[in-house]
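> this one's sequence-less:
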Ligand SMILES: O=P(O)(O)OC[C@H]1O[C@H](O)[C@H](O)[C@@H](O)[C@@H]1O
């Protein structure tokens, strides 16, 4: 039971036997176990020493997602997916530790000096018997009137699955649009069809009405991913075609996961001084 701090991480243990580990580097969930089974895919080639974003688990993308925009300049010079996944966060407190769940809060450090914005970024991870909930909280702390803060954010969750070729990803309502990054960012309208991983998939869905994506692993288990506050969700699996190009991806790693990534990424979210954004991801093991 409880919350254990180590030099590099915080470990949560729930009375049901489920557990999670969150690295301070990136406030990165690197492990989530239910019934003794690992639910997060982390590549065996991932760097875990803080030299590079961790390949797997739940990277936090902030204040941009994907390649940076061409302007404004201070956003244009950011690295892919922003800097939050490369920062060393602070473990702030245990929010609760009881039967209903074990919950902890992390705070991101100040931004790099050339990103001159005053915001507070925190992250709450809550573990219960069959559920992991991860919430991003962003507050614009500017005091100057009308000084907005703009960002994108996304939880880049690598869900472990036994065989990606057997997956069926569903519950994306007919009529939902997505940007297909494999098809040169073409906008496509979903017909409500299931997604199967028989070729590289890299899609950013916008405003899925149900705010819930189902992953059937084809072997009698899977996940339900619910999200609130987030308006978008990326589904990504590079398969062998593109997975081989990823230096820290283990051989055949793409067969062991699918990324379902709730976020706010199609546009920039704008907050007025004092305003708060909360984006929540709730993953349930089925
Ligand atoms: O290699 P990374 O920077 O971690 O990005 C990995 C992937 O992230 C997202 O899912 C994007 O939609 C993909 O286009 C990208 O390849």
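Noted; the coordinates are in hand. As the structure is a prediction and not an experimental result, all values here were calculated from the model.

> spatially nearest residue to the closest residue to the ligand within the stretch 151-286 of the chain, not counting backbone neighbours?
At 3.5 Å from the ligand, residue 236 is the closest residue in the stretch 151-286 of the chain, using C-beta to the nearest ligand atom. No exception for glycine: its C-beta is placed from N, CA and C like everyone else's. Spatial nearest neighbour of residue 236, chain neighbours left out: residue 259 (4.1 Å); criterion: C-beta to C-beta, 6 or more residues apart in numbering.

> does the one you found really touch residue 156, like I thought?
Yes: using C-beta atoms under 8 Å as the test, residue 259 is close enough to residue 156 to be in contact (6.2 Å).

> what touches both of those two?
residue 234 (C-beta atoms under 8 Å, 6 or more residues apart in numbering).

> what about the stretch 1-150 of the chain, any weak spots by pLDDT?
Judged by pLDDT under 70, the stretch 1-150 of the chain has its weakly predicted residues at 1.

> who's in contact with the closest residue to the ligand within it?
For the stretch 1-150 of the chain, the residue closest to the ligand is residue 80, as judged by C-beta to the nearest ligand atom, at 4.4 Å. When contacts are counted by C-beta under 8 Å, 6+ apart, residue 80 touches 66, 67, 68.

> near the ligand, which of those residues show up?
Counting by C-beta under 6 Å from any ligand atom, the subset of these that neighbours the ligand consists of residue 66.

> quick one: name the residues of the stretch 1-150 of the chain near the ligand.
Checking the stretch 1-150 of the chain against the ligand by C-beta under 6 Å from any ligand atom, the hits are 66, 80, 81.

> including secondary structure, could those go into CSV?
Output for those, formatted as CSV (DSSP: H, G, I helix; E, B strand; the rest coil):
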residue, secondary structure
66, coil
80, coil
81, coil
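
> report the buried members of the contacts of residue 80.
66, 68 (16 or more other C-beta atoms under 10 Å).

> so which of the contacts of residue 80 is the closest to residue 221?
residue 66 (30.4 Å; C-beta to C-beta).

> partner strands of the helix or strand containing the residue nearest to residue 236 and their direction?
Assigned by DSSP states H and E, residue 259 belongs to strand 257-271. Sheet partners assigned to strand 257-271 using DSSP bridges are listed as strand 149-155 (antiparallel), strand 157-160 (antiparallel), strand 232-237 (antiparallel).

> in a helix, residue 67, correct?
No: according to three-state DSSP, residue 67 belongs to no helix; its state is coil.

> quick one: the helices in the stretch 151-286 of the chain, in order.
239-243 (DSSP state H, counting those that start in this stretch).

> where does it have low pLDDT?
Checking the stretch 151-286 of the chain against pLDDT under 70 turns up nothing.

> measure how buried residue 201 is and give me the count.
23 (other C-beta atoms under 10 Å).

> then residue 222?
So residue 222, with other C-beta under 10 Å, has 20 neighbours.

> dump the residue contacts of it.
161, 214, 215, 216, 285, 286.

> filter the residues you listed to the buried ones?
161, 214, 215, 216, 285.

> so which bits of stretch 179-189 are buried?
Those would be 179, 181, for stretch 179-189 by 16+ other C-beta under 10 Å.
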